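> next input, structure requested:
(chains A and B)
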Amino acid sequence: MFEFTGKLKTITIALMLIGAVSIGASFLTGGGHHEEGHHEETAHHDHDAMHKEEGHHAEGASHDDGAHHTEHKGNAHSARHNEDKVETSDFGFHKTAARANPEHNQFYTRKVNSHHDEAHLHHQLENKPWSNLLINTFFFLAISLGALFFLAIQYAAQAAWATVVIRVMEAMASFLAIPILIMLVLIVTGIYHVGGNHLWHWMAEGIMDSNSPNYDKIIAGKEGYLNAPFFLIRSLVYLLGWVGGAILLRRMSLKMETSGDPAAIWRKMRSWSAGFLVFFAVTSSTSAWDWIMSIDTHWFSTLFGWYVFAGMFVTALTVLTLLVIYLKGQGYLEVVNHSHLQDLAKFMFAFSVFWTYLWFSQFMLIWYSNIPEEVTYYMARFGEYKGLFFTMLVMNFLFPVLVMMSRDSKRNQGFVITAGIIMIIGHWLDVFIMISPGTVGAQWSIGLVQIGTFLGFAGLFLFVVFRTLAKAPLVPEKHPMFLESKYFHI
Amino acid sequence: MSTATNKIIINALYDDDDVLLKGVKQVKEQGYAIEEVYTPFPVHGLDHAMGLKRTRIAIAAFLYGILGLATSIAMTYGMMIIDWPMNIGGKPSFTWGENMPAFVPIMFELTVFFAAHLMVWTFFIRNDIYPGRKTQNPDPRTTDDKFLMEVELKGEREVLMNLLKESGAIEISEKSN
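Next up is the predicted model:
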């Protein structure tokens, strides 16, 4: 039995307090107005302007020239655009060359020249605390959901090896309800724009109304899927399906402890897990489209859901491994041997590569085809976020691949812990870079508020996980696969 | 009395992998040197029981992978930048660095290709099982359902025979060559 000691409780509650103070501070300071003395005269990454222009060119012209001409309208940089054009027109790539350089790209550096832009900058600043909340909510939701997915896999695949750590997965999954509820709050406040919440651009007023000055033809075309009631219903379905799955699997697993026939329960869990995995396969993608991809409303990527899933799964595996190492270090989980730890580390390694594979698949196709509508997504990330973007890639790909490749390093807890911490930070940055360009644009910052919020969520997560762990025997000795897992050896 | 040229090898045949594994451990404990063990399928823990050194093929594979990566970089650079400069994806920068994303699939494939193929050949050569080699299997039954252990005779013949018999061997014979 795991004991949730007073010391641990104090630490997690202290972390939660730090988080509460950080979130409170971020809202009180009006979304960072005072944080870094932001240059209000320059609107970087002007989201609305982007919509307008793409709206124009979708109406009439082909990609080639329509967008380019609208760009030039009243653009301070048009002279420089033209220079590029002359230099390179032999190759017929003037447009992309000009766009490829962020300094020449009007989306990022255009001076504020209308009331509209100022309003947009205001939105970005107002969005900062909300964006911060969304990033951490989704990050910890993903950890919990990834653990639930892994738990269901154990039953559906009739896997034995990880049975000794199955309680840790259950505890991680038990956190799931909290971030989804916060997500629902974010959605409802977003729909009604409470407290300056403009996270999801398509929720803006009049954006789907052809008589409104805010009208955006492309976004209006997505109304069938992206509308407030359906959005809310989908999120509620995820809540019910995922939390329902987590509660069901946990309950049945605890029932094994007292049941006379644990194998019968295990067989039932197998069917439920298989069903859950089908539900998860669909909803993990749609939730990623809803909560994250729809922030950059014009843009879409068909493998975005899997990319988000890969990040989610590798983070969950990393947290699982770190928790197991921690518990073992505290003298619990004696049945966990080197083979279990090596296999967990193997999963961390493998899914880091899997994440990179999906990241690169998404990136390369867009980079290669070089179509303005698609490339805007990476333009935003190669502009204001360039440093973070490449740091994140190194942390999530190069680091785990080189550090965790050999068998010896997978069996060395120091290596695994170091790699794990780097990967957690790396994947947090990944979520940050997925969400921030569309919500706060160039107004992003990672400071005390962001770190404090992360720590707060981490405290809340650990509090729930430890509390759940303490409620049941840490090792499921009645589990039909327990013996096989106990003597697992590779 | 036994030198490298005229050492006597005793073959012990088993019909169960668990019994074999126990036998290997017993023989090792008594200080005998095990020449080789033939099994119809991989027996878990056998290499450890025989006291074999851990394979270094992982290190070899890593180096082969690096070699493949270097080859692919040199190849794409030579073909696509120097020899026949290509305008890739409407971005005619003609530098390797800026076109690198287009070369990643090649880099990946050649890394895997070199690592996998050279690893297989290394394995063949190190284990003397390259194609065309005459078989060395002392008993064809080990390709079906029997397990054979080759022990080098040391000291009294009777002692080793008894030890093998006790460990569960179903047939014991002297290697004839």
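> name the helix or strand for the residue nearest to the spatial centre of chain B, please.
When C-alpha atoms, centre = their mean is applied to chain B, the residue found nearest the centroid is residue B:123 (4.9 Å). Residue B:123 belongs to helix B:100-126 when assigned by DSSP states H and E.
> swap in residue B:36?
strand B:34-38.
> run a quick neighbour tally on the residue of the stretch 351-490 of chain A found nearest chain B.
Nearest residue of the stretch 351-490 of chain A to chain B (C-beta to the nearest C-beta) works out as residue A:368 at 4.4 Å. To be clear about C-beta, it is placed using only N, CA and C from the backbone, and glycine gets the same treatment. Residue A:368: 14 surrounding residues under other C-beta atoms under 10 Å in any protein chain shown.
> could you do residue A:412 as well?
Residue A:412 has 18 nearby residues by other C-beta under 10 Å.
> residue contacts, it?
When the contact criterion is C-beta atoms under 8 Å, 6 or more residues apart in numbering or on different chains, residue A:412 has no partners at all.
> that older thread, tell me the strands beside the strand holding residue B:36, with direction?
Strand B:34-38 has its sheet partners listed here by DSSP bridges as strand B:147-152 (antiparallel).
> list of residues touching the partner strand?
So strand B:147-152 is contacted by B:2, B:7-17, B:20, B:23-24, B:27, B:32-40, B:43, B:138-139, B:141-142, B:160, B:164, B:169, B:175 (C-beta under 8 Å, 6+ apart).
> for chain B, which residues are neighbours of chain A?
B:44-45, B:58, B:62, B:87-92, B:101-102, B:104-105 (C-beta under 8 Å from any C-beta of the partner chain).
> Three-state assignment for the nearest residue to residue B:31 once chain neighbours are set aside, please.
Nearest non-adjacent residue to residue B:31, counting by C-beta to C-beta, 6 or more residues apart in numbering or on different chains: residue B:154, 7.4 Å away. Recorded secondary structure, residue B:154: coil (DSSP: H, G, I helix; E, B strand; the rest coil).
> count of neighbours near residue B:154?
17.
> distance of it relative to chain A?
31 Å (C-beta to the nearest C-beta, to the nearest Å).
> list the buried residues in stretch B:158-168.
Buried positions in stretch B:158-168, judged by neighbour count with 16 or more other C-beta atoms under 10 Å in any protein chain shown: B:160, B:163, B:164, B:167, B:168.
> quick one: it to chain centroid distance?
30 Å (C-alpha atoms, centre = their mean, to the nearest Å).
> rounded mean pLDDT for that stretch, please.
Stretch B:158-168 shows a mean pLDDT of 90.
> okay, and which of the contacts of strand B:147-152 map to strands?
Among the contacts of strand B:147-152, the members falling in strands (DSSP state E) are B:9, B:10, B:11, B:12, B:13, B:14, B:34, B:35, B:36, B:37, B:38.
> closest one to residue A:22 out of these, please.
Distances from residue A:22 to these, taken as C-beta to C-beta, are shortest for residue B:37 (62.8 Å).
> now do the contacts for whatever residue of the stretch 151-300 of chain A ends up closest to chain B.
Going by C-beta to the nearest C-beta, chain B is nearest to residue A:161 of the stretch 151-300 of chain A, at 13.8 Å. Residue A:161 sits next to A:339, A:340, A:343, A:484, A:485, A:488 when contact means C-beta under 8 Å, 6+ apart.
> and if you look at residue A:131?
Residue A:131 touches A:199, A:435, A:436, A:439, A:440, counting by C-beta under 8 Å, 6+ apart.
> likewise for residue A:392?
A:426, A:429, A:430, A:433.
> can we see that at 10 Å?
A:359, A:381, A:385, A:425, A:426, A:427, A:428, A:429, A:430, A:431, A:432, A:433 (C-beta atoms under 10 Å, 6 or more residues apart in numbering or on different chains).
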